[in-house]
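> no sequence for this one, just the structure:
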């Protein structure tokens, strides 16, 4: 059975030579590649053609090696000649695009045996496998939402900056039967097939360009199919290597609208400008790029919000644990604790007082012992007075007597100079009475 390639450019491009979808087939090795150059990038059709031709010549299903190959091919892309528009405004936009490089999706497959396929993919170009029972399998995207959420593309500048890694690529091995058919399609057609799986059977019935044109126009008009370049490669598992190309004839073009010269106007202009389909398509693509950027930002904000909520939850749990497991004491325990503390303080104060009294006594004794003995005074004929040493029991008796007489002393049994002085004063007072 023949391999069939279906291709039609978007109406905004007018002519088939402006199609940005590129494919390559190596019938000898049963290797296929399809790339969709993005409209908003620079010379994307050239970049798409370079990477597809390079893959079928030397296929590899190791993501790291494929990235290395693509990086080497960037120099070939940059050396391609391009004539900038004669309109300064358009030329300025083209140079801005050039700085951002060329961008394309990519899918490559190779029949390792008659019934086994190796597949590697990056971007929103998709594969469909339909068996004899009209049941289909899709890879890498199985629904429209996941396809639209794709943000991975092969960009020349990102390759040079090493911002593309193995995570951009998806790989799979597929077992197939002899009557199965493989279809690889660019994003617009893939989106339609995922929305309406019955469309796949409709595509497989297309046998000439008129049928392809009618199919695209019908779904474009109904808004079911995005106005974009359309490419599909239909590969029977048992194929003879012959390629049948269904594409516009050389004299075909879509009706061209009157092109107005692009002239920058004042921002205060009140009249509305009628944009051509090509310009509207360019604006749509730009909005799509902005939407993808917002989608990435939204994902990051969701992650940050989730981490913040986790941190707050952990803090709340910690506070609750501290509250419920903190040690508690009854009022009685607190009262007993205060009473014990006061008793200890009083005991310590008494001990300190006793020690101070003993220190004073010792100081007095040291003072007496350290002074030299004086000879009896010749003039007065009396001896110097010293503090008599008495027993502790006698000291306590004297102190109790002094307390009873109203003197402020303590009955601690310690007798010093001050005690002797107070005692002598007491005795003198008692004698005087």
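Received, thanks. Please read all numbers here as calculations on a predicted model, not as lab measurements.

> in this structure, what helix or strand scores lowest on average pLDDT?
Sorted by mean pLDDT, DSSP states H and E, the helices and strands of the chain end with helix 331-370, the least confident at a mean of 72.

> and the angle for the following helix or strand past that helix with helix 331-370?
Proceeding N to C from helix 331-370, the next assigned helix or strand is helix 392-404, under DSSP states H and E. Interaxial angle of helix 392-404 relative to helix 331-370 (axes from the mean of the first three to the mean of the last three C-alpha atoms, to 10 degrees): 110 degrees.

> what does helix 392-404 contact?
Residues outside helix 392-404 that contact it (C-beta atoms under 8 Å, 6 or more residues apart in numbering) are 390, 409, 410, 411, 412, 413, 414, 415, 419, 422, 423, 426. Every residue, glycine included, has its C-beta placed from N, CA and C.

> what's the least confident helix or strand of the chain packed up against?
The helices and strands touching helix 331-370, judged by 3 or more C-beta pairs under 8 Å, 6 or more residues apart in numbering; DSSP states H and E, are helix 417-432.

> which neighbouring elements make contact with the helix it packs on?
Secondary-structure packing of helix 417-432 (3+ C-beta pairs under 8 Å, 6+ apart): helix 331-370, helix 392-404.

> so for it, what gets flagged as buried?
Residues 417, 419, 420, 422, 423, 426 are the ones in helix 417-432 that count as buried (16 or more other C-beta atoms under 10 Å).

> can you check stretch 180-200 too?
Residues 180-194, 199-200 are the ones in stretch 180-200 that count as buried (16+ other C-beta under 10 Å).

> just how off-centre is that stretch within its chain?
Centroid separation for stretch 180-200 versus its chain: 34 Å, with C-alpha atoms, centre = their mean, to the nearest Å.

> mind checking the end-to-end distance for it?
13 Å (C-alpha to C-alpha, to the nearest Å).

> that stretch - what's its average pLDDT?
The predicted model assigns stretch 180-200 a mean pLDDT of 95.

> quick thing: my sequence starts at 3, can you match it?
Sounds good: first residue 3 from here, last item stretch 182-202.

> need the pLDDT of residue 319.
With respect to pLDDT, residue 319 has a value of 89.

> surely it is in a strand?
No: under the criterion used here (DSSP: H, G, I helix; E, B strand; the rest coil), residue 319 is helix, not part of a strand.

> now do it against residue 105, distance only.
Distance, residue 319 to residue 105, using C-beta to C-beta, to the nearest Å: 47 Å.

> where do the helices of the stretch 153-302 of the chain begin and end?
Along the stretch 153-302 of the chain, the segments classed as helices by DSSP state H, counting those that start in this stretch run 158-162, 189-197, 201-206, 211-223, 279-326.
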